[in-house]
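Asker: fold the following for me, if possible:
(one chain, ligands or ions: 2)
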Amino acid sequence: MAIPTIKHVRAFVLRGGGADYHDQGDGHWIDDHIATPMSKYPEYRQSRRSFGINVLGTLVVEVEDSEGNIGFAVTTGGEPAAYIVEKHLARFVEGAKVTDIERIWDQMYFSSQYYGRKGLVINTISGIDLALWDLLGKVRKEPVHQLLGGAVRDELQFYATGARPDLAQKMGFIGGKLPLHHGPAEGEEGLRKNLEALAVMRERVGKDFWLMLDCWMSLDLNYATRLAQGAHEFGLKWIEEALSPDDYWGYAALKKAVPPGMLVTTGEHEATRWGFRMLLEMGCCDIIQPDVGWCGGITELIKISALADAHSAMVVPHGSSVYSYHFVATRTNSPFAEFLMMAPKADEVVPMFHPQLLGEPVPENGRMRISKLDQPGFGVTLNPECQLHRPYQH
Ligand SMILES: C[C@H](O)[C@H](O)CC(=O)C(=O)O
Ligand SMILES: [Mg+2]
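Answerer: Residues are numbered from 1 along each chain as shown. Ligands and ions are numbered 1, 2, ... in the order given. Here you go, the predicted structure:
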């Protein structure tokens, strides 16, 4: 069979939720006084949008081959990412074969290393990489999980992230991860309130349901240690992203300091095999949480996951909807998945990247049959009602 070549790469920007899931309206639980590294400034404490968490918006990458097949993906990155796609990285994609994914990744990464390596540039590379996997799946008429070697289980099991683990329990999820509301600048009273919120939730869900705390990089080592110790009596399963992603030394110390049985997790703002190598070799955590749309895409996640396996660490990707479902299905060291509750009150299951994707599967009773992921590529289409904007062209 002749292998098609890639003819066009296009980058668009979209606003309003979706892959940039922090880009929500007023009153959403995800923007309600959540502890962040900016919480030390009172004026940026109440809302993450106030410091600009949603300035970028969604990046949509489309790749089209010589036979008219189109692969696409969404991630965070917006207009600056669209610029990088069109003005820089497109040259490594156009003209390549649809199977050249590994070489394209290598060229994108090393040609942008002098200004890239992490953050926006790796989000951008991830978006292109996911679009290429989607295209390959469409060309081969196979879902991405089959291209990755096939599913190792019949269904995925999910925990839910959101303000209402008690409702998530009723919806069949195996656990609930609460956002932490108060950072160190809110002192002892804030710490008390954090523990009270956990205690209230434990009371509501009973003793066996998993409860976790997502600290979104907001703490220091001392506070994180005290929070973990205080949370132990309420059966906290894990403390997530307690420290700055750059503080590998702090994570290694935190992992030693938490009560026995409590897990330390992090990695959603980490990128590439080299970043995760730091986390794994320094003994920073029990579970790594790469975001498929931010860590380098599927091509890089394969490497990150193999490294984690060799360190006996679990890989439970952060959010990222279908892009992580197809991966988690194929790995024994990814025993469950995250579902971000994007309903404003976290009281119902809505597709994580709503409204941008059509055909986006959601867990039912906290589970998803792998047969829900059997369409070619990632099995989703762009919602034609979303207004695509193409700010740059090459
Ligand atoms: C709830 C967290 O602050 C964040 O918005 C999502 C996240 O970190 C996670 O799902 O994990
Ligand atoms: Mg998190």
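Asker: tell me which residue in the stretch 101-250 of the chain sits closest to ligand 2.
Answerer: Per Cβ to the ion, Asp214 is where the stretch 101-250 of the chain lies closest to ligand 2, at 4.3 Å. Quick note: C-beta positions are derived from backbone N, CA and C, even for glycine.
Asker: ok, now which ones touch Ala224?
Answerer: By Cβ atoms under 8 Å, 6 or more residues apart in numbering, the contact set of Ala224 is Cys215, Ile239, Ala242, Leu243, Gly250, Leu254.
Asker: tell me which residues in the helix or strand where it lies are buried?
Answerer: Element membership for Ala224 (DSSP states H and E) is helix 221-231. Residues of helix 221-231 classed as buried: Leu221, Tyr223, Ala224, Thr225, Arg226, Leu227, Ala228, Gly230, Ala231 (neighbour count, 16 or more other Cβ atoms under 10 Å).
Asker: what's the distance between the residue nearest to Glu281 when sequence neighbours are not counted and Asp247?
Answerer: The spatial neighbour of Glu281 that comes closest, neighbours along the chain excluded (Cβ to Cβ, 6 or more residues apart in numbering), is His311 at 7.6 Å. His311 sits at a distance of 19 Å from Asp247 (criterion: Cβ to Cβ, to the nearest Å).
Asker: so where do the strands sit in the stretch 151-300 of the chain?
Answerer: 155-161, 175-179, 210-214, 236-240, 263-266, 287-288 (DSSP state E, counting those that start in this stretch).
Asker: contact residues of the stretch 1-150 of the chain facing ligand 1?
Answerer: For the stretch 1-150 of the chain, the residues in contact with ligand 1 (Cβ under 6 Å from any ligand atom) are Ile30, Ile34.
Asker: and the helices in the stretch 1-150 of the chain?
Answerer: Here the stretch 1-150 of the chain has its helices, by DSSP state H, counting those that start in this stretch, at 78-84, 90-93, 101-111, 119-140, 144-147.
Asker: please identify the most buried of these.
Answerer: helix 119-140 (a mean of 25; mean count of other Cβ atoms under 10 Å).
Asker: skipping its backbone neighbours, what lies nearest whichever residue of the stretch 251-394 of the chain sits closest to ligand 2 in space?
Answerer: Using Cβ to the ion, the closest approach of the stretch 251-394 of the chain to ligand 2 is made by Glu268 at 4.9 Å. With Cβ to Cβ, 6+ apart as the criterion, Glu268 has its nearest non-adjacent residue at 3.6 Å, and that residue is His318.
Asker: that neighbour should be in a helix, yeah?
Answerer: No: His318: not assigned to a helix; according to DSSP: H, G, I helix; E, B strand; the rest coil it is coil.
Asker: how much space between it and ligand 1?
Answerer: Applying Cβ to the nearest ligand atom, to the nearest Å, the value for His318 to ligand 1 is 5 Å.
Asker: circling back to that earlier point, to Leu167, which of the helices of the stretch 1-150 of the chain lies closest?
Answerer: Nearest to Leu167, of all those, is helix 144-147, at 29.4 Å by Cβ to Cβ.
Asker: now that closest one: average pLDDT?
Answerer: Here helix 144-147 scores 98 as its mean pLDDT.
Asker: can you check stretch 184-194 too?
Answerer: 98.
Asker: again, but for stretch 242-259
Answerer: On average, stretch 242-259 scores 98.
Asker: quick one: distance of it to the chain centre.
Answerer: Stretch 242-259 sits 20 Å away from the centroid of its parent chain (Cα atoms, centre = their mean, to the nearest Å).
Asker: residues in contact with it: which ones?
Answerer: Stretch 242-259 has contacts (Cβ under 8 Å, 6+ apart) with 37, 215, 217-221, 224-225, 227-229, 232, 239, 264, 266-267, 269-270, 278-279, 282-286.
Asker: can you count the residues close to the closest residue to Met278 other than its chain neighbours?
Answerer: The spatial neighbour of Met278 that comes closest, neighbours along the chain excluded (Cβ to Cβ, 6+ apart), is Tyr248 at 5.0 Å. By other Cβ atoms under 10 Å, the residues close to Tyr248 number 20.
Asker: the one 3 residues further on now?
Answerer: Using other Cβ under 10 Å, the number of residues around Tyr251 comes to 27.
Asker: who in the stretch 201-350 of the chain is up against ligand 2?
Answerer: Residues of the stretch 201-350 of the chain lying close to ligand 2 by Cβ under 5 Å from the ion are Asp214, Glu241, Glu268.
Asker: mind putting those in a markdown table, neighbour count included?
Answerer: Compiled in a markdown table, these are given as follows (neighbours: other Cβ atoms under 10 Å):
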| residue | neighbour count |
| --- | --- |
| Asp214 | 23 |
| Glu241 | 26 |
| Glu268 | 22 |
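Asker: out of those residues, which touch ligand 1?
Answerer: Asp214, Glu268.
Asker: what's the closest of the residues of the stretch 201-350 of the chain next to ligand 2 to Val98?
Answerer: Glu268 (29.5 Å).
Asker: so what pLDDT did Arg140 get?
Answerer: pLDDT, Arg140: 98.
Asker: can you verify my assumption that it contacts Leu147?
Answerer: Yes: counting by Cβ atoms under 8 Å, Arg140 touches Leu147, with 6.8 Å between them.
Asker: assess the claim that Leu263 and Asp286 are in contact.
Answerer: Yes: because the distance of 4.2 Å satisfies Cβ under 8 Å, Leu263 is recorded as touching Asp286.
Asker: joint contacts of the two?
Answerer: Residues touching both Leu263 and Asp286 (Cβ under 8 Å, 6+ apart): Trp238.
Asker: tell me the contacts of Ala19?
Answerer: By Cβ under 8 Å, 6+ apart, the residues touching Ala19 are Thr58, Leu59, Val74, Thr75, Thr76, Gly293, Phe353, Gln356.
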